[in-house]
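Chemist: Can you look at this prediction? I've put the sequence above it.
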2 protein chains.
Amino acid sequence: MVSKNEINFIVSLQKKKIRDEQRLFVIEGDKLVKEYLSARVRIKQLVAKPEFLNSLPLFLKKGIEEIIPASYEELKKISTLKTPHNALAVVEMPENAPDLSDLKKGLTVALDCVQDPGNLGTIIRAAAWFGLINIYCSPDCVDVYNPKVIQASMGATLQVKVFYTSLKEILAKAIAMNLPVYGAVLDGESIYSSRLADRGIILLGNESKGISDELLQVVTDKIAIPRLADSTPGIDSLNVSMAASVIFSEFTRSRGRQL
Amino acid sequence: MVSKNEINFIVSLQKKKIRDEQRLFVIEGDKLVKEYLSARVRIKQLVAKPEFLNSLPLFLKKGIEEIIPASYEELKKISTLKTPHNALAVVEMPENAPDLSDLKKGLTVALDCVQDPGNLGTIIRAAAWFGLINIYCSPDCVDVYNPKVIQASMGATLQVKVFYTSLKEILAKAIAMNLPVYGAVLDGESIYSSRLADRGIILLGNESKGISDELLQVVTDKIAIPRLADSTPGIDSLNVSMAASVIFSEFTRSRGRQL
């Protein structure tokens, strides 16, 4: 049984302000909750149907601060989804501090004002797939703990660290380290023929405005995904998360070629 | 002013059954409506704010059967979005008959039970970008005229023809024409090293189950997007629309290499 206070508290975490104050966020879904439990992330509350709780091995339950059995109706009240899953958890935010010396170690993603939660989540998922584990977001990007980002990232936030910071500083650091800054733009050089290094920054811009002028100035390599010449107007850009997938894939392929 | 009947009728088109009976679907958004008008698609009704209507050049208005000025409140009642755009149109479905001889002409996409509207829309958008203009969907795929598909495809349905039919037959035809059937699976050969032809079928499967066993039997080339070896569990697959983007991109790159 979930108390009214508990319901209100969990629902309040849909707001970024409250999440930041409490340093807590919510994950939903049987699979996702199990992945977080297996990853030994600190879980403050697990709210789930008794069947789900009974199915959990004891060692996974151990670290959970509070376990609250709930009915479908109660889960429905807390969930951000129309049809709630069987389980939902309140999770402590990890205390990730960016380590800029990581920039030298490989490819880092930088996102300038990516605002759609589905896009950010998908980019995180693609980054995890292609082994890119650090993403720097400008402060005006959508919050990584937004429920829709968590949903779209499908557990990839367990592997990929997302930091919010001034991209100007990050890019300046990268330049100072002699690293290339690849900017995805519409009029860049084809990624199929560009020289793609195994270290550097991959910078992607806002869904409609692209990369801001200020950051564009420090881009060292403008790259683009060529569009088939004979495609008619209408499609004036690829969605940023699709572009990210294709670009991450090209860097991976290119790295394989270099090995 | 939009009458109650008109509101009810347009809202009823959110249902696939009604869309199929009426052979009509709804598009939303200033940009999308303008693209459809420019593409000379038959528009049955244009419901929009007076400002939008005034901004339209006369020649674009000509073919529209009925123009209905509407207030924000009225648009809100009709829209599937929380915040409606300034314009919305009821559009006639094109009468596309599949021409199987097209299979010989290039790459064709086949989707087996892709159910998420965002995924189908994104795949259509990626297909348009990479110049793939025919998509065959199994009958259990989400409807291409679902408002969320239309939204995610961002006008790409103007260029890409989407057919619903038995994939078994399509694939059999392709095989009979000696065309390769590339199936995206997790344990396939790396797309970075596979030989990718400039003709054939690219087959993508359901979000959780992948390609059905029945269709898998006729796949001639199993392909996969390699995951970085050191990425930890959690991410067990790429989202189907991201996979589609990466695969379409690889075929494009490969084609460029062949030219």
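Modeler: Looks like it arrived, so ask away. On a predicted model such as this, the values are computed, not experimentally measured, just so you know.
Chemist: what's the residue closest to the geometric middle of chain A?
Modeler: A:I124 (3.6 Å; Cα atoms, centre = their mean).
Chemist: what's the domain layout of chain A?
Modeler: If you go by automatic domain parsing, the domain ranges for chain A are A:4-92, A:100-258.
Chemist: pLDDT wise, what is the residue nearest to the centre of chain A at?
Modeler: Looking at A:I124, its pLDDT is 96.
Chemist: In this structure it contacts A:I135, no?
Modeler: Yes - the pair A:I124 / A:I135 is scored as a contact, 6.7 Å apart, by Cβ atoms under 8 Å. Every C-beta, even on glycine, is put in place using the N, C-alpha and C of the backbone.
Chemist: contacting residues for A:Q14?
Modeler: A:V26, A:T80, A:P147 (Cβ atoms under 8 Å, 6 or more residues apart in numbering or on different chains).
Chemist: typed the wrong thing, it's A:I211
Modeler: A:D112, A:G183, A:A184, A:V185, A:L203, A:L204, A:G205, A:V219.
Chemist: what's the spacing between it and A:V142?
Modeler: In this structure, A:I211 and A:V142 are 17 Å apart, going by Cβ to Cβ, to the nearest Å.
Chemist: neighbours around A:G106, how many?
Modeler: By other Cβ atoms under 10 Å in any protein chain shown, 16 other residues sit near A:G106.
Chemist: cool, and A:A97?
Modeler: 6.
Chemist: By residue count, which strand of chain A is the longest?
Modeler: Longest among the strand segments of chain A by residue count, using DSSP state E, is strand A:181-190.
Chemist: Would you mark the buried spots in it?
Modeler: A:V181, A:Y182, A:G183, A:A184, A:V185, A:G188 (16 or more other Cβ atoms under 10 Å in any protein chain shown).
Chemist: ok, now stretch A:40-56?
Modeler: For stretch A:40-56, by 16+ other Cβ under 10 Å, it's A:V41, A:I43, A:Q45, A:L46, A:V47, A:A48, A:K49, A:F52, A:L53, A:L56.
Chemist: just the residues you listed now: which is nearest chain B?
Modeler: Nearest to chain B among the buried residues of stretch A:40-56: A:V41, at 11.3 Å, using Cβ to the nearest Cβ.
Chemist: So that closest one is in contact with A:E92, correct?
Modeler: Yes - contact criterion Cβ under 8 Å: A:V41 and A:E92 qualify, at 7.3 Å.
Chemist: which parts of chain A sit against chain B?
Modeler: Proximity of chain A to chain B (Cβ under 8 Å from any Cβ of the partner chain) is limited to residues A:35, A:39, A:118, A:122, A:125-126, A:128-131, A:154-156, A:158-159, A:192, A:225-228, A:230-232, A:234-235, A:238-239, A:241-243, A:245-246, A:249-250, A:252-253, A:256.
Chemist: before we move on, the earlier item: need the CA coordinates for the longest strand of chain A. CSV is fine.
Modeler: Presented in CSV, the C-alpha positions along strand A:181-190 are these (Å, rounded to 0.1, in the frame of the first residue of the first chain):
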residue,chain,number,x,y,z
VAL,A,181,36.4,19.1,-32.6
TYR,A,182,34.0,17.5,-35.1
GLY,A,183,30.9,19.5,-35.6
ALA,A,184,27.9,18.0,-37.4
VAL,A,185,26.6,20.5,-39.8
LEU,A,186,24.6,20.3,-43.1
ASP,A,187,27.4,21.7,-45.3
GLY,A,188,30.3,19.8,-43.8
GLU,A,189,32.6,17.3,-45.4
SER,A,190,31.1,13.9,-46.0
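Chemist: Strands of the stretch 101-250 of chain A, residue ranges please.
Modeler: A:107-111, A:134-137, A:161-164, A:181-190, A:200-204, A:221-224 (DSSP state E, counting those that start in this stretch).
Chemist: Is it possible to get TSV of these that adds distance to B:D30?
Modeler: Shown next, in TSV, are the strands of the stretch 101-250 of chain A (distance: least, Cβ to Cβ, whole Å):
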stretch	distance to B:D30
strand A:107-111	26
strand A:134-137	29
strand A:161-164	32
strand A:181-190	21
strand A:200-204	25
strand A:221-224	26
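Chemist: These into CSV, with extra columns for mean pLDDT and distance to B:N86?
Modeler: Below are the strands of the stretch 101-250 of chain A laid out as CSV (pLDDT from 0 to 100; distance: least, Cβ to Cβ, whole Å):
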stretch, mean pLDDT, distance to B:N86
strand A:107-111, 97, 29
strand A:134-137, 97, 31
strand A:161-164, 96, 33
strand A:181-190, 95, 26
strand A:200-204, 98, 29
strand A:221-224, 96, 31
